[in-house]
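# can't give you the sequence, but here's the structure:
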């Protein structure tokens with residue numbers, strides 16, 4: 001199939017008819033997202049967004065069965081580990097992006113077969129492993145790590161500021177999140 005000439009991260013690419021918006025966090029990092037819902041609250045427009053690239057999380061894999069795998073939330077000290085992950089991803093023609101909100105991976109990922117996924121979930125106990133699919137596993141600093149794709153949809157809440165969006169964090173998130181959920185439930189019930 002010939003390429004249309006625009007990359008998947010090109011906001012002008014309208015081939016899928018879902019508008020995109022760039023979200024910025026407090027550190028100025030960006031994340032290109034699809035605009036899923038627009039919710040007006042208190043005279044401002046809030047957006048429910050999903051990342052264009054695939055969100056991933058870094059996990060320290062337990063060395064023995066007594067331990068549990070640990071999702072690494074704070075990535076500031078993990079630069080060496082992320083550098084190793086980048087090299088491993090490049091072998092699969094994938095790129096690790098240190099975006100606002102989350103790490104993402106850009107490139108052509110194999111989509112999991114929904115039927116296989118359902119069978120896997122039925123055959124497993126209800127634990128955290130049901131929530132993620134391993135993308136890659138690698139060794140760094142004498143420890144096993146993995147990049148995992150969350151299986152549940154990954155949503156980002158942002159406040160619209162013109163054609164851009166500002167990540168909603170901290171107290172503002174705590175204040176608007178329940179109201180956004182209520183509005184979405186109301187829309188779903190009406191739809």
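That came through fine. Because the structure is predicted, anything quoted here is derived from the model rather than measured.
# if I pick residue 100, what's in contact with it?
23, 24, 25, 27, 29, 30, 31, 167 (CB atoms under 8 Å, 6 or more residues apart in numbering). For the C-beta atoms, the positions are set from N, CA and C on the backbone; glycine is no exception.
# Among the residues you listed, name the buried ones.
23, 24, 25, 30, 31, 167 (16 or more other CB atoms under 10 Å).
# To be precise, which single item in these has the lowest pLDDT?
pLDDT is lowest at residue 25 among the buried ones among the contacts of residue 100; the value there is 89.
# Excluding sequence neighbours, find me the nearest residue to that residue.
Once flanking residues are discounted, residue 25 sits nearest to residue 100: 3.7 Å by CB to CB, 6 or more residues apart in numbering.
# would the one you found count as being in a helix?
No: counting by DSSP: H, G, I helix; E, B strand; the rest coil, residue 100 falls outside a helix, being coil.
# which phi and psi does it have?
Backbone torsions of residue 100, given as degrees, to the nearest 10, read phi -60, psi 150.
# Now do the same for it: its pLDDT.
Here the pLDDT value assigned to residue 100 is 86.
# just residue 128 next, same as before
Value listed for residue 128 in the pLDDT field: 50.
# what stretches of this structure score poorly on pLDDT?
Low-confidence segments of the chain (pLDDT under 70): 1-16, 111-130.
# Okay, helices next: where are they in it?
Using DSSP state H, the helices found in the chain span residues 79-90, 114-122, 170-190.
# out of those, deepest packed?
The highest mean neighbour count among those, using mean count of other CB atoms under 10 Å, belongs to helix 79-90: a mean of 15.
# what does that one rub up against?
With contact meaning CB under 8 Å, 6+ apart, helix 79-90 is reached by 58, 72, 75, 95-96, 98, 103, 105, 107, 136, 138-141, 145, 147.
# let's see it at 6 Å
Contacts with helix 79-90, where a contact means CB atoms under 6 Å, 6 or more residues apart in numbering, come from 96, 136, 138, 140, 145, 147.
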